[in-house]
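Q: Quick one: sequence plus predicted model below, questions after.
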Amino acid sequence: MWTFPLMKSFLALAFLYFPFFPSGNGQIETETPGFDLCESGNTAFRAGEEVVYKIYYNWNFVWLSAGEVTFRVEEQPDAYKLTATGRTYASYEWFFKVRDYYEAVVDKTTLRPIRTIRDVQEGGYRLYEKVEYQNGRQTVTSWRGKEKGKLTPKDIKLNGCAHDVLSAIYFVRNQPFDGLAKGATFPMRVFLDREEYNLRIKYLGKIPDLEVKNQGRFKAIALSPETIAGTVFSEGAVMTVYATDDENHLPLLINSPVSVGSIKAVLKSHTKLRHPLASRLR
């Protein structure tokens, strides 16, 4: 399921698709000074932004063009509606077919989720989930099932301010990286599959010249999320995410190993960014 690790990978980036894998330790060890999981203003994106990534899958040393993921931002009176749509190319669907839709409505003043939707179709796997966040009480209600009309509700208490996989991307895009020392880590709490995960992201520092296929060269920042061995990652797997070193913190490239092969997400196109791409070198 290439979109599943991809979404988590962008989380690690703290900017999409995208995604992180849970550490499962249940504790955030030390908070990075100035990093507030409960609140963040928005200076990184605006309504109308659309970003598309091309997904490649490496299998037996061959890179296959697998599909695309499109992220969009819409404005509501007091909220932003964030969506991510992933689909495989027809040429790849002999191997595996994906039609995934993620949606998060987030509060404009905090960027914390108000309600989210996951509509997942990956091969023979189906999942529909709607989650309502009662942020004042730090609880959520999850309606979940294989079909939209047949959902089972469950109320869950959270241990603190939490994000879903999509809101976390945009939340992290708004965090300051300039003051971080290379090797510093910062926390992210994510609610996923009716569980709460405390995660850590390592800041790998600045990349003075990063080439991105068909996009040019950029000054970038690099991050690495935690991974755990299991059905998606092998023991010791290291994921790396690169984003623009400017006010957009736009994800440019993600390299993500999986238990069989590896995945690469590459920026394909972007429209209506909030700021000029000042990080572009040529």
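A: Sure, I can see it.
Q: export stretch 57-68 as CSV, just CAs?
A: Only the C-alpha atoms of stretch 57-68 are listed here, as CSV (Å, rounded to 0.1, in the frame of the first residue of the first chain):
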residue,chain,number,x,y,z
TYR,A,57,8.2,2.5,-6.4
ASN,A,58,11.5,0.7,-6.6
TRP,A,59,11.2,-3.1,-7.0
ASN,A,60,14.1,-5.3,-7.9
PHE,A,61,16.3,-2.3,-8.8
VAL,A,62,13.7,-1.0,-11.2
TRP,A,63,11.9,2.4,-10.6
LEU,A,64,8.3,2.2,-11.6
SER,A,65,6.0,5.3,-12.0
ALA,A,66,3.3,4.3,-9.6
GLY,A,67,0.9,7.2,-9.3
GLU,A,68,0.2,10.8,-8.0
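Q: tell me the average confidence for that stretch?
A: Averaged across stretch 57-68, pLDDT comes to 82.
Q: Identify all contacting residues around that stretch.
A: Stretch 57-68 is contacted from outside by 2-3, 52-56, 86-89, 91-92, 95, 98, 260-264, 268, using CB atoms under 8 Å, 6 or more residues apart in numbering. Every C-beta, even on glycine, is put in place using the N, C-alpha and C of the backbone.
Q: Distance check, Gly86 against Val98.
A: Distance check for Gly86 against Val98: by CB to CB, to the nearest Å, it reads 6 Å.
Q: need the longest strand for the protein.
A: Longest strand of the chain, by residue count under DSSP state E: strand 195-212.
Q: what's the average pLDDT for that one?
A: Mean pLDDT, strand 195-212: 90.
Q: And that strand, what's buried?
A: 196-205, 207, 210, 212 (16 or more other CB atoms under 10 Å).
Q: so how far is the next helix or strand along the chain from it off the chain centroid?
A: Going down the chain from strand 195-212, the next helix or strand is strand 216-225, by DSSP states H and E. Chain-centre distance of strand 216-225: 15 Å, with CA atoms, centre = their mean, to the nearest Å.
Q: now the strands: where do they sit in this protein?
A: 50-59, 62-76, 79-88, 98-107, 113-122, 125-134, 139-147, 150-157, 185-192, 195-212, 216-225, 240-244, 251-257, 262-271.
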